[in-house]
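[1] show me how the following folds:
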Amino acid sequence: MPFTKTQFPGLLIFEPKVFGDNRGYFFESYNQKVFLEEKIEIDFVQDNQASSTFGVIRGLHYQLEPYTQTKLIRVLSGSIIDAVVDLRKNSPTYGKAYTIELSAENKKQLLVPRGFAHGYSVISETAEVFYKCDAFYNKESEGGVAWNDPLLNIDWRIPTENVKVSEKDSIYPSLENCKHNFEFNG
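    As a prediction, this is how the structure comes out:
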């Protein structure tokens, strides 16, 4: 099975089958049939790609209902620490963070369901990150959680003096003070 469950309901690690030989490798980064066989029915509508340098932290972002997004994140080059925070009220993992290293080398992907804040840090010299979304970007519904909230205790694996964040990401509130409207329907 290409999917590994995490302790967070709905948060899955996807490891596609990689075929390698002396020419290189080949793999299907997304195949709707494979997802449907696991009863994962998602209609992806938008692809996003970002390039960043070492020390960049993007996030922790989300979009409010009804514009919230499921994301399938992968790394095209380099390595990142991908981080999510469960914001679904009544979830057994509400308010907890989960991290995983995603890289071009390990080819792992993270399927992040609706109701999570998402972000990542670049731990290689550069990284290109690609992710699929099941809803379109909606600026008016964006929200976020402070990337450095001490209650989340996320290890971004970046020395403090090397952290680079956007102005927007630097002013997001703590988890306790962020506004969101997600419910767990487990």
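
[2] contacts for the longest helix anywhere in the chain?
    Looking across the chain with DSSP state H, the single longest helix is helix 32-37. Where contact means CB atoms under 8 Å, 6 or more residues apart in numbering, the residues beyond helix 32-37 that reach it are Pro2, Glu28, Glu41, Ile42. Quick note: C-beta positions are derived from backbone N, CA and C, even for glycine.

[3] now, the most widely separated pair of these?
    Between any two of the contacts of helix 32-37, the greatest separation by CB to CB is 17.6 Å, found for Glu28 and Glu41.

[4] that older thread, among the contacts of helix 32-37, name the buried ones.
    Pro2, Ile42 (16 or more other CB atoms under 10 Å).

[5] how about the contacts of helix 32-37 in JSON lines, adding pLDDT and distance to Gly10?
    Listed next are the contacts of helix 32-37 as JSON lines, based on pLDDT from 0 to 100; distance: CB to CB, whole Å:
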{"residue": "Pro2", "pLDDT": "92", "distance to Gly10": "16"}
{"residue": "Glu28", "pLDDT": "94", "distance to Gly10": "22"}
{"residue": "Glu41", "pLDDT": "96", "distance to Gly10": "13"}
{"residue": "Ile42", "pLDDT": "97", "distance to Gly10": "11"}
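
[6] reformat the contacts of helix 32-37 as TSV; add secondary structure and distance to Asn153.
    Formatted as TSV, the contacts of helix 32-37 follow (DSSP: H, G, I helix; E, B strand; the rest coil; distance: CB to CB, whole Å):
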residue	secondary structure	distance to Asn153
Pro2	coil	30
Glu28	coil	36
Glu41	coil	34
Ile42	coil	30
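
[7] still on that earlier bit, next SSE after the longest helix of the chain?
    strand 46-53 (DSSP states H and E).

[8] packing partners of that next one?
    Judged by 3 or more CB pairs under 8 Å, 6 or more residues apart in numbering; DSSP states H and E, the packing partners of strand 46-53 are strand 126-133.

[9] so where do the helices sit in the chain?
    32-37, 167-170.

[10] report pLDDT for the residue in the chain sticking out farthest from the centre.
    Distance from the C-alpha centroid of the chain peaks at Asn22, with 32.1 Å (CA atoms, centre = their mean). We have a pLDDT of 97 for Asn22.

[11] what about the strands in the protein?
    Secondary structure of the chain (DSSP state E): strands at 3-5, 12-14, 18-21, 24-27, 46-53, 57-63, 71-77, 79-86, 97-103, 109-112, 116-122, 126-133, 142-144.

[12] could you identify which of those strands is most buried?
    strand 116-122 (a mean of 27; mean count of other CB atoms under 10 Å).

[13] not counting that one itself, show me its contacts.
    Residues contacting strand 116-122 (CB under 8 Å, 6+ apart): 11, 52-62, 71, 73, 78-88, 102, 112, 129, 143-145, 147, 156-158, 169, 178.
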